[in-house]
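Q: Turn this into a structure:
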Amino acid sequence: MNALHVNWTAPFFKRRGKNEKYFIEDFELLTTMLSALKWREKNGAVTLCADGAALEYYNSLGLLELYDGVEELSVDGGINPEMFWAAGKLFALKKFGGPAALIDTDFIVWEEILFDKLGECTVIHFEELYPDVYPPAEFFKMKDGYEWQPFDWSLKACNTAFAVIKSPELIKYYTDTAIDFMKNAEDCGDALRYMVFAEQRLINMCAARLGIEVRAFSQLERLFEHGEGCFTHTWGMKQQMRDTKWLRRDFCLRCADRIKRDFPRFGETAEKITSKYVK
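A: Residues are numbered from 1 along each chain as shown. Model (predicted):
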């Protein structure tokens, strides 16, 4: 199964200013390496879909060699990168088509996935509809003329840090619908609820309208406990590593050691990233 890594730099420059030099933190670079390399070892090819600034940065670090293919990412200029910081994933998936495995760069799949046993859409886990994160339709401020489709708003949201979508029809419907929502949302500065609706709630709603059942690899509680022995997602650990120097150093050194042991060809690259950022 062909997997997709995505990097859209517009949110970075929106936060820091257009003249800031682009960078990715050391722990993120090392998990990106492990994410791509382990997928290639166990499950198939990996394509990077990224914009020009990201491609230039990856190339400067020797990271383009991680990938079987590279595609330049283009995101509609009408999308607000402050509100829709993960919009690049949706535009990349639309361009890429399917079947595809969408993997965040901070997510690692350590073992073989039995794709033949999966349904048309499988996500890492479902998420409960807590109203402070997943509000009802009337919460969203949309431009004049926007009309909601007859969705089932009782369906759980889907965490898409890792998702395998076999159906090209679902990919097209989901990405078209999400992009239409993002383009028609009024600018309001909400950087959580609008984005997770577009990325993580619409996928189940769209699948249901196509008669496709969305399944999950695991449950959030089990993943927090031990990752099922198959998955690692560093999302909840990132701020801790920023705040705690020894934790960040330990994590980076362990990642680098794993890369050097399992993928000697990339050992020097991992070593440079670690020595450059870990003090």
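
Q: Can you name every helix or strand that the helix or strand S60 falls within contacts?
A: Counting by DSSP states H and E, the element that carries S60 is helix 52-61. Counting contacts by 3 or more CB pairs under 8 Å, 6 or more residues apart in numbering; DSSP states H and E, helix 52-61 is packed against strand 46-50, strand 69-72, helix 267-277. For glycine as for every other residue, the C-beta is placed from the backbone atoms N, C-alpha and C.

Q: Quick check: what element follows the shortest one along the chain?
A: Scanning forward in sequence from strand 69-72 by DSSP H and E, the next helix or strand is helix 87-96.

Q: quick revisit: now do the buried residues in the helix holding S60.
A: 53-55, 57-58, 61 (16 or more other CB atoms under 10 Å).

Q: And for stretch 240-247?
A: Residues M241 are the ones in stretch 240-247 that count as buried (16+ other CB under 10 Å).

Q: Same check on stretch 156-175?
A: 156-167, 170-171, 173-175.

Q: repeat for stretch 39-52
A: 39-40, 43, 46-51.

Q: same question, stretch 81-92
A: Using 16+ other CB under 10 Å as the test for burial, stretch 81-92 gives 81, 83-92.

Q: M1: which of the residues you listed is nearest?
A: Proximity of the buried residues of stretch 81-92 to M1 (CB to CB) peaks at A92, which lies at 15.9 Å.

Q: Quick check: bridge partners of the residue lying closest to that closest one once chain neighbours are set aside?
A: In this structure, A92 finds its nearest non-sequential neighbour in C49, 3.8 Å apart by CB to CB, 6 or more residues apart in numbering. Counting by DSSP bridges, C49 is bridged to V6, E71.

Q: C49: what's it in contact with?
A: 4-7, 70-73, 88, 92, 95-96 (CB atoms under 8 Å, 6 or more residues apart in numbering).

Q: Serialize the buried residues of stretch 39-52 to CSV and add fields for distance to A198.
A: Below are these laid out as CSV (distance: CB to CB, whole Å):
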residue, distance to A198
W39, 25
R40, 29
N43, 27
V46, 24
T47, 22
L48, 22
C49, 18
A50, 20
D51, 19
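
Q: Could you point out which of those is nearest to L247?
A: The closest of the buried residues of stretch 39-52, once distances to L247 are taken by CB to CB, is W39, at 25.7 Å.

Q: what's the distance between the residue nearest to the spatial centre of the chain and L210?
A: With distances taken as CA atoms, centre = their mean, D104 lies nearest the centre of the chain, 3.1 Å away. Distance, D104 to L210, by CB to CB, to the nearest Å: 24 Å.

Q: Now do the helices in the protein.
A: 10-16, 26-42, 52-61, 87-96, 168-184, 193-196, 202-209, 220-226, 238-243, 245-262, 267-277 (DSSP state H).

Q: Which of those comes out lowest on mean pLDDT?
A: If the helices of the chain are sorted by mean pLDDT, helix 220-226 sits at the bottom with a mean of 59.

Q: returning to that earlier point: nearest to W110, of the helices and strands packed on helix 52-61?
A: Using CB to CB, the nearest of the helices and strands packed on helix 52-61 to W110 is strand 46-50, at 14.7 Å.

Q: what's the angle from the closest one to helix 52-61?
A: 130 degrees (axes from the mean of the first three to the mean of the last three CA atoms, to 10 degrees).

Q: Now which of the contacts of C49 would you call buried?
A: Among the contacts of C49, those that count as buried by neighbour count (16+ other CB under 10 Å) are 4-7, 70-71, 73, 88, 92, 96.
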